[in-house]
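*Asks:* mind folding the following:
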Amino acid sequence: MNDLYIQGLKIEWSTIPEDSYVHKIPAIKSITELQFKKPVTFFVGENGSGKSTLLEAMAVEFGYNSEGGTRNYNFSTYYDISSLSESITLVKGWQRPKSGYFFRAETFFNVATASMFDYMGADYHTNSHGEGNLNFLVYDKPGLYLMDEPEAALSPLRQLTLLRHIYDMSRKGAQFIIATHSPILLGCPHSQILSFDNGKISPCDYENTLSYQITKDFLFNKEKMLKELLDD
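*Replies:* A predicted model of the protein is given here:
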């Protein structure tokens, strides 16, 4: 046991309809339970590997709005919640977070609009897209923060800013569970990395993530990679 807000999860597969697409996601289908061991956990894997599906189900089960925001948000522009959210049980710690949110990169515009009337109270539309995202992301109260590709609108420098924020807040009692492709964010010290590749969810070292390996190969072997990629 640990003092995290969410210590793990369990999935009751018998309650998920047989025709649900969740059954076709190998990595998620491979588990009945999962444990979180660090204040910062990263979900990594190729597009379509199930990272966002699992993160969304966790957010909905916890009470966050499926399109993003806090528990106070209840807007919906398109209903696409998977049946997994009704079949997942979060193993919660003894502490209850007093703050937190679910962040989804693709629906941030709607969250930014709702935020003008929420306790986070700010008009993120007055910022640039990247600045608005970052200002929302760096909310400075300990709590539970679920983030789906928070790097999408951020420059490399701003990703470093977010990394510093995640690291500092995790040391003050916050918990982060983040689906990302960013080799910068993945470098956060003392984090748990779970890979969704190869049809399973398993621990992964930073240097073994595809995000790190491909970025490193491109930076150090750009001409060779471009030749292989672009030559007929």
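
*Asks:* mind checking what helix or strand follows the worst-scoring helix or strand of the chain on mean pLDDT in sequence?
*Replies:* In the chain, the helix or strand scored least confidently by mean pLDDT, DSSP states H and E is helix 108-115, which has a mean of 54. Once the chain leaves helix 108-115, the next helix or strand it forms, by DSSP states H and E, is helix 129-137.

*Asks:* residues in contact with the helix or strand following that next one?
*Replies:* Moving toward the C-terminus from helix 129-137, the next helix or strand (DSSP H and E) is strand 144-148. Identification of contacts with strand 144-148 by C-beta atoms under 8 Å, 6 or more residues apart in numbering yields 5-6, 51-52, 55-56, 58-59, 62, 64, 97, 99-105, 137, 139, 169, 174-180. For glycine as for every other residue, the C-beta is placed from the backbone atoms N, C-alpha and C.

*Asks:* among those, name the ones in helices.
*Replies:* Of the contacts of strand 144-148, the ones assigned to helices by DSSP state H are 51-52, 55-56, 58-59, 62, 137, 169.

*Asks:* any idea which of these is least confident?
*Replies:* Within the ones in helices among the contacts of strand 144-148, L137 has the lowest pLDDT, namely 81.

*Asks:* state the distance from Y139 to C188.
*Replies:* Going from Y139 to C188 by C-beta to C-beta, to the nearest Å gives 17 Å.

*Asks:* swap in S170?
*Replies:* As judged by C-beta to C-beta, S170 and C188 stand 8 Å apart.

*Asks:* so what's Q175 up against?
*Replies:* 4-6, 36, 39-40, 97, 143-145.

*Asks:* report the beta-bridge partners for it.
*Replies:* Beta-bridge partners for Q175, by DSSP bridges, are L144.

*Asks:* just L9 next, same as before
*Replies:* Beta-bridge pairing for L9 (DSSP bridges): L34, L90.

*Asks:* pretty sure it contacts E33?
*Replies:* Yes - judged on C-beta atoms under 8 Å, L9 makes contact with E33 at a distance of 6.6 Å.

*Asks:* what about these two, which has more around it?
*Replies:* More crowded of L9 and E33, by other C-beta atoms under 10 Å: L9, with 20 against 10.

*Asks:* quick one, what contacts that one?
*Replies:* Counting by C-beta under 8 Å, 6+ apart, L9 touches 33-34, 58, 88-91.

*Asks:* for the residues you listed, which one is nearest I193?
*Replies:* For the contacts of L9, the minimum distance to I193 (C-beta to C-beta) is 13.3 Å, reached by L34.

*Asks:* returning to that earlier point: now the ones in helices among the contacts of strand 144-148 in JSON lines, with distance to S20?
*Replies:* Converted to JSON lines, the ones in helices among the contacts of strand 144-148 look like this (distance: C-beta to C-beta, whole Å):
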{"residue": "K51", "distance to S20": "17"}
{"residue": "S52", "distance to S20": "16"}
{"residue": "L55", "distance to S20": "17"}
{"residue": "E56", "distance to S20": "14"}
{"residue": "M58", "distance to S20": "17"}
{"residue": "A59", "distance to S20": "18"}
{"residue": "F62", "distance to S20": "20"}
{"residue": "L137", "distance to S20": "31"}
{"residue": "M169", "distance to S20": "35"}
